[in-house]
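**Student:** What follows is a predicted structure for the sequence shown.
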Amino acid sequence: MTEIKASMAGNVWKITVDEGGKVELDQDVVILESMKMEIPIASEVDGTVKELKVAEGDFVNEGDVIAIIE
C-alpha cells in the first residue's frame, strides 16, 4: 500500500482517477492549483486506487495524503 502525498500546499483543482480504478507509475492522480500554477501529483507505483482522501476544491498542505494505492 502506497500513500500519495501532496508535494506542496494548494487547492485540489482536478481529480484525474476514480476509486477502484487502475493507475500506472507516473500517471497523474490529482492536479493542485497554487499561485495560479497547475501542479500534477503522479502515482509512484502501478496499482489500484483504494481510497481518495480529497475532493475537488479541498485545500491540502504539503505532506497531506491525497490517495492510497494498492
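**Tutor:** Looks like it arrived, so ask away.

**Student:** Please count neighbours and contacts with C-alpha atoms only from this point.
**Tutor:** Noted.

**Student:** what packs against whichever helix or strand residue 66 is part of?
**Tutor:** Under DSSP states H and E, the secondary-structure element containing residue 66 is strand 65-69. Strand 65-69 makes packing contacts with strand 2-5, strand 47-52 when contacts are defined by 3 or more C-alpha pairs under 8 Å, 6 or more residues apart in numbering; DSSP states H and E.

**Student:** now these as CSV including mean neighbour count, mean pLDDT and distance to residue 38?
**Tutor:** Listed next are the helices and strands packed on strand 65-69 as CSV, based on neighbours: other C-alpha atoms under 10 Å; pLDDT from 0 to 100; distance: least, C-alpha to C-alpha, whole Å:
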stretch, mean neighbour count, mean pLDDT, distance to residue 38
strand 2-5, 19, 95, 16
strand 47-52, 18, 96, 19
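
**Student:** Figure out which of these is closest to residue 32.
**Tutor:** Distances from residue 32 to each of these were compared using C-alpha to C-alpha; the minimum, 11.4 Å, belongs to strand 2-5.

**Student:** and that closest one, how far from the chain's centre?
**Tutor:** Its chain's C-alpha centre and that of strand 2-5 lie 8 Å apart, by C-alpha atoms, centre = their mean, to the nearest Å.

**Student:** what does it contact?
**Tutor:** With contact meaning C-alpha atoms under 8 Å, 6 or more residues apart in numbering, strand 2-5 is reached by 42-45, 62-70.
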